[in-house]
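Student: Model the structure of this input:
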Amino acid sequence: MRPVVVLLAMLGIAHAAVASPTKYLVKVRSDKRIDFSKIRTYTWMAGWPAFDPSIDWQIEADVDRELAALGLTKLTAEPGDTVVTYAAIRRTDVDVKTRVSPDSDLRREYPAGTVIVVLLDPHTRRELFRGRADMPLQSDPARRRLQIRAAIAQMFSLYPTRKR
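Tutor: Model (predicted):
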């Protein structure tokens, strides 16, 4: 239930971002009390699917690839050491400082998106790790997929056991 509430709150934040300048970046946070080196297995939990089924599949594959690179093994059913879920939000951002033309009140709009990946405790569903990437979306689907892949890789480059 808590992930659903968090995801709804994120939608509200995304809506509020339309009215203010958005900083596009990747942020992560992790529970400092957890020994991430002991997390060896994971299972998937349904989340908030992406706007496009091919992107939905890609996000799961990219997260699987990054977790495998960290040495985690995917299980088909619980219990595992962690549960993984994600949310993908597509929105339209507005540049409030730039007008479409000097004699118009219209502002420039562009597609943007947010991908959030969360690792949860399998018993309590408490957040262990959260990665969030906000980005303006490329119009070309192939470039968009590369953009999302790079954002997910950047999230997991900041995973607590990853050597920097």
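
Student: burial measure for Asp105, as a count.
Tutor: Residues lying near Asp105 (other C-beta atoms under 10 Å) number 7. C-beta here means a position set from N, CA and C on the backbone, and glycine is covered the same way.

Student: do Ala46 as well
Tutor: 8.

Student: Over to the one 10 residues further on?
Tutor: Asp56 is surrounded by 16 other residues when neighbours are defined as other C-beta under 10 Å.

Student: Which strands or helices does the host helix or strand of it pack on?
Tutor: Using DSSP states H and E, Asp56 maps to helix 53-69. Where contact means 3 or more C-beta pairs under 8 Å, 6 or more residues apart in numbering; DSSP states H and E, helix 53-69 is packed against strand 73-74, strand 82-99, strand 107-120, helix 141-157.

Student: right, and these - which one's nearest Tyr24?
Tutor: Smallest distance to Tyr24 across the helices and strands packed on helix 53-69 (C-beta to C-beta): 7.6 Å, for strand 107-120.

Student: Tell me which other helices or strands the next helix or strand after the closest one touches.
Tutor: Under the assignment DSSP H and E, the closest C-terminal helix or strand after strand 107-120 is strand 127-136. If contacts are counted by 3+ C-beta pairs under 8 Å, 6+ apart, strand 127-136 sits against strand 26-30, strand 107-120, helix 141-157.
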